[in-house]
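Visitor: Build me a structure from this.
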Amino acid sequence: MLKTIRKYRKSLIGVLAIAAIVLVMTGFGVNFVSFREEPHAIQIDDVKITYSDFQRERRNVEDRYRVMLGENYSKLAPTLLANLNDRLVDQLIENVLLKREATRLGLYVGKRQLREILFNQVFSHGFDAAQYQGFLNQIGMTAKEFEDRLAEDALRSMLRGFIRDISFVPQRELRTLIERNETSYDVSYIELSPAAFEEKVKSPSEDQILAYYENHAVEYETKPAVSYDYVVFDPKDYKNLVEIQPEDIEFYYLDHKNEFKTVDKVKARHIQLNYPAKADPEAMLKVKKKAEDVHARAASGEDFASLALQFSDDITTKTLGGDLGWIKRGERDQAFEKAVFDMKSPGLAPLIETDYGYEIVMVDEYVPPGVKKLEDVRQEIEEKIRTREAPAFTAAYAEGVFDEFKKSGKSLKEFAVEKGLKVASTPGLLEAVRDPEPRLKGVTRKILDFPEEKKQLVDSGALTVMAEIKEFRDSEIPALEKVKDKVVAAVKHEKAKELVKDEAEKIVKELKAMKRRDLRALAKARNLTVRERKALRSALAVGPVFGNSKIKDWLFNVAKAGDVSEEAYQINDNYYIFAVENIKRPAEKLLREKMRSAEATQKTQMAELMLKAIVNRLKVRSKIDIDPNLLAES
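Guide: Alright, predicted model coming up:
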């Protein structure tokens, strides 16, 4: 065990590909550093994940899906983003817990290892600062955020590798499993269906029809249904109804000042000095000495723009005097921010060491943190209040319109035209489970609750619906004459099911009595069709017939060719009888190859199962708090 731990302390196994970090959820790490004190969305013991952090993660997921899917994003988004908040919560909690467990086991990723990943994996053809910055802009991360996630993903990979290495796969059981999976069977079978016997069934008597109808009348009962015209009042269309006083905006501003805080920012220039690709300690030391010399020249008052043009490795800014524009706190890595923002004034920042070299920063302007002025956010606050209050004002407005409609004596269509309202109609009669539009969930059911009220006002979430019933059909049990054909067909089908069962039992009995059980010969004598499946393996046994657990259990435990099933297997109303005509077992060489491959797969699967067990155990031991509103927003 200690040997394995030491191995993983010294080397990285299974470093992730860059595409996986950019494009898939499993690459998420946790790098939650916030300048604001705001309520947490998730808390795992002492680790807090704020709403801002969480929403940023969600936006990253959506952006990655957009990159992956391109033009198909809009079509697949509803499916991909369903319950996304739930999945993100689980993923983020798991990442925190696994990182903690990896650290407890003594696994870690140092700066040198991270630099090797960046230089040898991400930038295998040579590091380019401009390309790196462009990549960071594309994925919406700072260098520190990206590199932290790179390190955390590598750490989790190390933990998986560690668990995989200590997993044990019993060889005998593995061989048995592979041999079973690789053995193929040629199978013949007959299918007995009631449909094939219905023509042999005599037409039922009137007494039989009546008796069946009386016993099953409820099965023919129709459900209530309704058709209606309707008008939808959507709050987003009635925000102008919300009455806002100046003091409302002022009160909101005072109660939500955290929303309008601004962080400190700097206007800065820089000179970037990069390590060469695959740099050794001597080359890195030369870069450090050069950075110190350039920093000293800048401190002595030498023109910074000239130094940037002469020495900077950042090709995008060197010709601009190293201009970085305005940078807000939280946009750069911790080392940069400590050096630059701790000065709280213009001037030359201390020399900054980065994972890819050194950075010299000149701060030209510094703006301290503060709060946006009320006048600057008045319009924003007004929109927030209107959005928040619109559902209540819309519902009240709809109530007034509905009262007017009831008194008008006009049809809804006439009233809607007069009032300039958009009216729609259901596509015929609808039962309770059907609504005219996806957004009007549950509206038909609510209208059917009071079918005697021709004019109704109902709600569907934040929407209010004004409706007028055009036609109502109550539930009823139809007279026998209306469903007689269905009843006759049902009686004949029940009798056919009895005939099929009897026939299947007779065939099985005859097969057992035969010295050499020959399913094909017996089927020919009875004029039955024999079906076949060649080279059937357990992994390919799917569908209603060969995917049936009882059939699979018998078939893939047959020891010799020629065996016939001891019973007729029933699936729904059909019966099946099988014979194994040939068995082909895998060659020894193939078995060995499959075992080598399967052992690695089995270890990976066992490691994943163990990881899940570890995560579940850690969840029980940890204090985890999730804001319920987060899950409600999925």
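Visitor: Which residues are in contact with residue 220?
Guide: Residue 220 sits next to 213, 477, 478, 483, 486, 487 when contact means C-beta atoms under 8 Å, 6 or more residues apart in numbering. From N, CA and C alone the C-beta is placed, and that goes for glycine too.
Visitor: ok, now with 6 Å
Guide: The neighbours of residue 220, taking C-beta atoms under 6 Å, 6 or more residues apart in numbering as the test, are 478, 483.
Visitor: mind checking how far residue 142 is from residue 331?
Guide: Taking C-beta to C-beta, to the nearest Å as the measure, residue 142 falls 6 Å from residue 331.
Visitor: Among these two, which residue is more densely surrounded?
Guide: residue 142 (18 against 15; other C-beta atoms under 10 Å).
Visitor: Surely the more buried one touches residue 332?
Guide: Yes: here residue 142 lies in contact with residue 332, judged by C-beta atoms under 6 Å, at a distance of 5.5 Å.
Visitor: For stretch 232-241, C-alpha coordinates in CSV please.
Guide: These are the backbone C-alpha positions of stretch 232-241, laid out as CSV (Å, rounded to 0.1, in the frame of the first residue of the first chain):
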residue,chain,number,x,y,z
VAL,A,232,-53.2,33.4,-22.0
PHE,A,233,-52.1,36.2,-19.7
ASP,A,234,-48.3,35.9,-19.6
PRO,A,235,-46.5,38.2,-16.9
LYS,A,236,-43.7,39.1,-19.4
ASP,A,237,-46.3,40.8,-21.5
TYR,A,238,-47.8,42.8,-18.7
LYS,A,239,-44.7,44.2,-16.8
ASN,A,240,-46.0,47.7,-17.6
LEU,A,241,-48.9,47.1,-15.1
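Visitor: Report how many residues lie close to the nearest residue to residue 584 once chain neighbours are set aside.
Guide: What sits nearest to residue 584 in space, not counting adjacent residues and going by C-beta to C-beta, 6 or more residues apart in numbering, is residue 184, at 4.8 Å. Neighbours of residue 184 under the rule other C-beta under 10 Å: 18.
Visitor: Could I get the full set of helices for the stretch 501-634 of the chain?
Guide: All helices of the stretch 501-634 of the chain, identified by DSSP state H, counting those that start in this stretch, fall at 519-525, 543-546, 549-555, 588-621, 628-632.
Visitor: Contacts only, for residue 271.
Guide: 307, 308, 311, 312, 322, 360.
Visitor: Repeat that for residue 382.
Guide: residue 244.
Visitor: In terms of helices and strands, where is it?
Guide: helix 374-408 (DSSP states H and E).
Visitor: For that helix, buried residues please.
Guide: By neighbour count with 16 or more other C-beta atoms under 10 Å, helix 374-408 contains the buried residues 377, 381-382, 385-386, 389-391, 393-395, 397-398, 401-402, 405.
Visitor: and whatever helix or strand comes next after it, how far from the chain's centre?
Guide: Counting by DSSP H and E, the next helix or strand C-terminal to helix 374-408 is helix 412-419. Mean-position distance between helix 412-419 and its chain equals 44 Å (C-alpha atoms, centre = their mean, to the nearest Å).
Visitor: For helix 412-419, list every residue counted as buried.
Guide: Applying 16+ other C-beta under 10 Å to helix 412-419 flags 412, 413, 415, 416 as buried.
Visitor: so what secondary structure elements neighbour that helix?
Guide: With contacts defined as 3 or more C-beta pairs under 6 Å, 6 or more residues apart in numbering; DSSP states H and E, helix 412-419 has these neighbours: strand 225-233.
Visitor: got the angle for the strand it packs on vs helix 412-419?
Guide: 10 degrees (axes from the mean of the first three to the mean of the last three C-alpha atoms, to 10 degrees).
Visitor: how big is the angle separating strand 225-233 from helix 374-408?
Guide: 140 degrees.
Visitor: average pLDDT for strand 225-233?
Guide: Here strand 225-233 scores 97 as its mean pLDDT.
Visitor: Ok, stretch 321-332 next?
Guide: Mean predicted lDDT for stretch 321-332 stands at 91.
Visitor: Run through who's touching it.
Guide: Under C-beta under 6 Å, 6+ apart, the answer for stretch 321-332 is 35, 142, 263-271, 305, 308, 312, 317, 341.
Visitor: what ranges do the helices span in the stretch 251-400 of the chain?
Guide: Using DSSP H, counting those that start in this stretch, helices in the stretch 251-400 of the chain cover 281-299, 304-311, 334-341, 374-408.
Visitor: how about those in JSON lines, adding distance to residue 493?
Guide: Listed next are the helices of the stretch 251-400 of the chain as JSON lines, based on distance: least, C-beta to C-beta, whole Å:
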{"stretch": "helix 281-299", "distance to residue 493": "83"}
{"stretch": "helix 304-311", "distance to residue 493": "87"}
{"stretch": "helix 334-341", "distance to residue 493": "75"}
{"stretch": "helix 374-408", "distance to residue 493": "51"}
